[in-house]
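**Q** Structure here, sequence nowhere to be found:
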């Protein structure tokens, strides 16, 4: 039994030696081993990463500080910011507000205890547009004039019920009880004027004048010119026509004076024409011209008078 046991041990040694030789032969047959790299950032890459992280942290801190400062300065809150307040009815601005671009709103009104002021260095323009964006009305308040562009301009009373003034392209209407012109030169009308009454102020004169043209007063049922407490004067550089197509012209007064009537005589004798008379009679030519003639025991009006012949 001992030789057998010794053989087994030897056999095992030989087998172990063969395994070692075969392992060495396998190691010799493998290609060369590759280099092993360590995982991680080292050197300048690591320093750059830390630098960028530090820069990002500083930027976040600066942004947070600026955000807090803006919120503090602009007075941001849940109701709005600064002088701007948001409520259910709309937007409320307190103090002076400046708009650099157009403002589109449905209604602008001030507080109950203050007035609404619109101010601009050049002009203030209010535009009204339709659904298509076309301009339908415009009001411009400038340093020299106020211009309104619309189909019709209306001015109503304080309660908004009574129409006081309206202006359209072909008609201007005033429905007030009295229209007063206080200018020293009065009012100038380039075309016709239609009114039921023209009246001067108490203790002031009423003057209707056309310096270079004619002055015409017409009415379908008559024209009445009266002066209650003073004289009535109608003068013309050339002809003065009083015409009634279907009625009469009545001169009714305590005294009717026709001054400046030419003197008419039947003969052209200067001696006869130069005689002074205290009493004259009024004569009418067939053409309608009026002249005076010396009064005698009989009428001295002659159809062949020099006034009628040259009229």
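**A** Good, I have the coordinates. If you're wondering where the values come from, they're calculated on a predicted model, not measured in any experiment.

**Q** and residue 53, helix, strand or coil?
**A** Counting by DSSP: H, G, I helix; E, B strand; the rest coil, the backbone at residue 53 sits in helix.

**Q** how deep is it tucked in, by neighbour count?
**A** For residue 53, the neighbour count with other CB atoms under 10 Å is 10. Heads up, the C-betas are built off the backbone N, CA and C, glycines and all.

**Q** For it, give its distance to residue 45.
**A** Note on residue 53: its distance to residue 45, by CB to CB, to the nearest Å, is 13 Å.

**Q** just residue 210 next, same as before
**A** Applying CB to CB, the value for residue 210 to residue 45 is 103 Å.

**Q** What are the boundaries of the strands in the stretch 101-250 of the chain?
**A** Listed from the start of the chain, the stretch 101-250 of the chain has strands (DSSP state E, counting those that start in this stretch) covering 124-129, 135-141, 146-149, 152-156, 163-168, 172-174.

**Q** Could you check the chain and say which of its helices or strands has the lowest average pLDDT?
**A** The weakest-scoring helix or strand in the chain, judged by mean pLDDT, DSSP states H and E, is helix 270-273 (a mean of 46).

**Q** What's the end-to-end length of stretch 87-94?
**A** 13 Å (CA to CA, to the nearest Å).

**Q** Mind checking what secondary structure residue 65 has?
**A** Residue 65 is classified as helix under three-state DSSP.

**Q** nope, residue 49 is what I meant
**A** Under three-state DSSP, residue 49 comes out as helix.

**Q** tally of neighbours for it?
**A** 11.

**Q** Name the spans of this protein whose pLDDT lies under the cut-off.
**A** 1-41, 265-277, 311 (pLDDT under 70).

**Q** check which helix or strand covers residue 291.
**A** strand 290-294 (DSSP states H and E).

**Q** Flag every buried residue along that strand.
**A** 291, 292, 293, 294 (16 or more other CB atoms under 10 Å).

**Q** if I look at the third one, how far off is residue 300?
**A** As defined by CB to CB, residue 293 lies at a distance of 4 Å from residue 300.

**Q** Kindly report the same for the second one.
**A** Residue 292 sits 10 Å away from residue 300, going by CB to CB.

**Q** any common contacting residues for these two?
**A** Residues touching both residue 292 and residue 300 (CB atoms under 8 Å, 6 or more residues apart in numbering): 281, 283.

**Q** what does stretch 134-152 contact?
**A** 118, 122-130, 166-169.

**Q** Now do that stretch: distance to the chain's middle.
**A** Relative to its parent chain, stretch 134-152 has a centroid offset of 3 Å by CA atoms, centre = their mean, to the nearest Å.

**Q** Kindly check the end-to-end length of it for me.
**A** Stretch 134-152: ends 17 Å apart by CA to CA.

**Q** likewise stretch 283-291?
**A** Span of stretch 283-291 from end to end, CA to CA: 5 Å.

**Q** Give me the buried positions along it.
**A** The neighbour-count check on stretch 283-291 (16+ other CB under 10 Å) flags 283, 285, 289, 291 as buried.

**Q** Going along the chain, name the helices of this structure.
**A** Assigned by DSSP state H, the helices in the chain fall at 2-29, 44-74, 270-273, 306-309.

**Q** what residues does stretch 85-101 touch?
**A** Contacts for stretch 85-101 (CB under 8 Å, 6+ apart): 79, 80, 83, 84, 107.

**Q** Compute the first-to-last residue distance for that stretch.
**A** For stretch 85-101, the end-to-end distance is 20 Å (CA to CA).

**Q** repeat for stretch 165-175
**A** Per CA to CA, the first residue of stretch 165-175 is 6 Å away from its last.

**Q** Please apply the same query to stretch 216-226.
**A** Stretch 216-226 has an end-to-end distance of 16 Å (CA to CA).

**Q** got it, and stretch 244-263?
**A** Its first and final residues considered, stretch 244-263 spans 27 Å by CA to CA.

**Q** and that stretch, which residues are buried?
**A** For stretch 244-263, by 16+ other CB under 10 Å, it's residue 261.

**Q** where does it sit relative to the chain's centre, distance-wise?
**A** Centroid separation between stretch 244-263 and its chain, computed with CA atoms, centre = their mean, is 54 Å.

**Q** Show residues contacting it.
**A** 242, 273, 280, 282, 290, 291, 292, 293, 294, 307.

**Q** Could you dump the residues you listed into TSV with distance to residue 100 added?
**A** Formatted as TSV, these follow (distance: CB to CB, whole Å):
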residue	distance to residue 100
242	68
273	88
280	85
282	81
290	77
291	80
292	82
293	87
294	89
307	81
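
**Q** Report the two of the residues you listed separated the most.
**A** Within these, two members stand farthest from each other by CB to CB: 242 and 273, at 28.6 Å.

**Q** Which one's more surrounded, those two?
**A** Just comparing residue 242 and residue 273: by other CB under 10 Å the higher neighbour count belongs to residue 273, 14 against 7.
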